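Q: quick one: sequence plus predicted model below, questions after.
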Amino acid sequence: MDDKNVKTLREMQRRSKANKSCFECGERGPSYVCLNFNTFVCTECSGILREFSYRVKGISMSKFTEEEMSKIKAGGNVKAKKIWLPQQKKKEIHNTPTR
């Protein structure tokens, strides 16, 4: 674990309302990052993403390379939504119940 990177990722979450929720399901307080999409995700969704061979790292449990951090800083949930869900209306996203 690298305290500097943990602080940077937590700061990204504090600064962006979108990063305070899981990109996949909307649950508050995501503690993982999906490196394929540079999004913040919850524990449950991180497990599902791993089942599909996506790269997921725990924010406070993992070491991140400089390249990974650079990509995450350039990404985040807002940017991912613009790329992957440009046609979705806000109310249509996360319309399915969790748990």
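A: Received the coordinates, thanks. Numbering: from 1, shown residues only.

Q: so which residues of the chain form strands?
A: Listed in chain order, the strands of the chain (DSSP state E) span residues 32-34, 39-41, 56-58.

Q: reformat those strands as TSV; add mean neighbour count, mean pLDDT and distance to residue 77.
A: To be clear about C-beta, it is placed using only N, CA and C from the backbone, and glycine gets the same treatment. Below are those laid out as TSV (neighbours: other CB atoms under 10 Å; pLDDT from 0 to 100; distance: least, CB to CB, whole Å):
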stretch	mean neighbour count	mean pLDDT	distance to residue 77
strand 32-34	26	98	10
strand 39-41	28	98	5
strand 56-58	16	98	14
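
Q: OK, contacts around the residue nearest to the spatial centre of the chain?
A: The chain has residue 40 as the residue nearest its centroid, 1.2 Å off, counting by CA atoms, centre = their mean. For residue 40, the contacting residues are 12-13, 19-23, 30, 32-34, 76-77, taking CB atoms under 8 Å, 6 or more residues apart in numbering as the criterion.

Q: out of those residues, grab the one that's most surrounded.
A: In terms of neighbour count, residue 33 stands highest of the contacts of residue 40 at 29 neighbours, by other CB atoms under 10 Å.

Q: who's it bridged to?
A: Applying DSSP bridges to residue 33 yields these beta-bridge partners: residue 40, residue 57.

Q: what about residue 49, how many residues nearby?
A: Here the number of neighbours of residue 49 (other CB under 10 Å) works out to 21.

Q: try residue 73
A: The number of residues packed around residue 73, counting by other CB under 10 Å, is 12.

Q: how about the contacts made by it?
A: For residue 73, the residues meeting the contact criterion (CB under 8 Å, 6+ apart) are 8, 12.

Q: what does residue 68 give?
A: With the criterion set at CB under 8 Å, 6+ apart, residue 68 makes contact with 35, 57.

Q: how close does it get to residue 35?
A: For residue 68, the distance to residue 35 under the criterion CB to CB, to the nearest Å works out to 6 Å.

Q: give me the common contacts of the two.
A: In the contact map built from CB under 8 Å, 6+ apart, the residues linked to both residue 68 and residue 35 are residue 57.
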